[in-house]
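Student: The following comprises the amino acid sequence and a computationally predicted model.
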Amino acid sequence: MTGQMTGQDQGRREPYSFFESESLIKEKIGACGAEMSRTIDACMEKARSEGREKFLSEVVTLRGKIERIQGEAAREGAGARYKIEHLSEADKNAIRETDEKLLSALGECAGLLDAFACSGMSMDSVDRYSALNAHLEELRRLFQERALLFKKLQVFG
């Protein structure tokens, strides 16, 4: 029960560790969420001080999504034991592909936050809000997809 496949198993030179990937993804979700929270807190304060109630409610919605994603990441698989020996090659590939998509999406956090600096809270801010909202939905979908794949690995009892 190593949680690691050799390079031969996956057609690559370096070994792939599901558990190292799990740790890295949770760490990046935490970092991305913390950075988003800081940016959104600043936007909330600015919207409050400028009396932009509609924008404030949208920013609060984003904050809630971030907190849900962070909570799901913290709870998912906590204390679980995994066994990969009998996992099909298709499932191994699905986990690897989902990990790559998730890490790529997490890598885009900084750019989206820079674009969402809520400087003017104008119409283009609405577009930036929509992009950030869609990105959060995609992060959540990918994390949930990954969690379902990992449930196949769990050892119960």
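Tutor: Alright, I've got the coordinates.

Student: what are the ranges of the strands in the protein?
Tutor: 4-5, 16-17, 81-82, 154-155 (DSSP state E).

Student: Can you pull out the low-pLDDT segments for this structure?
Tutor: Applying pLDDT under 70 to the chain flags residues 1-16, 77-86, 116-125, 154-157.

Student: Kindly list the longest helix within it.
Tutor: The single longest helix within the chain, with elements called by DSSP state H, is helix 18-49.

Student: buried residues in it?
Tutor: Neighbour-count burial for helix 18-49 flags 18, 21-22, 25-26, 28-29, 32-33, 36, 39-40, 43-44, 46-47 (criterion: 16 or more other C-beta atoms under 10 Å). Quick note: C-beta positions are derived from backbone N, CA and C, even for glycine.

Student: That one - contacts with which helices or strands?
Tutor: Helix 18-49 sits against strand 4-5, helix 53-75, helix 89-107, helix 109-115, helix 123-151, with contacts defined as 3 or more C-beta pairs under 8 Å, 6 or more residues apart in numbering; DSSP states H and E.

Student: Report the inter-axis angle for that helix versus helix 53-75.
Tutor: 160 degrees (axes from the mean of the first three to the mean of the last three C-alpha atoms, to 10 degrees).

Student: and the gap between the residue lying closest to residue 21 once chain neighbours are set aside and residue 112?
Tutor: Nearest in space to residue 21, with sequence neighbours left out and distances taken as C-beta to C-beta, 6 or more residues apart in numbering, is residue 99 at 5.0 Å. Noted for residue 99: a distance of 20 Å to residue 112, by C-beta to C-beta, to the nearest Å.

Student: for residue 29, what are its contacts?
Tutor: 69, 70, 73, 106, 139, 143 (C-beta atoms under 8 Å, 6 or more residues apart in numbering).

Student: Which two among these are spaced furthest apart?
Tutor: 70 and 106 (12.2 Å; C-beta to C-beta).

Student: These two: which is more packed in?
Tutor: Set side by side, residue 70 and residue 106 show more neighbours around residue 106, with 21 against 18, by other C-beta atoms under 10 Å.

Student: Now do the contacts for that one.
Tutor: 25, 28, 29, 32, 139.
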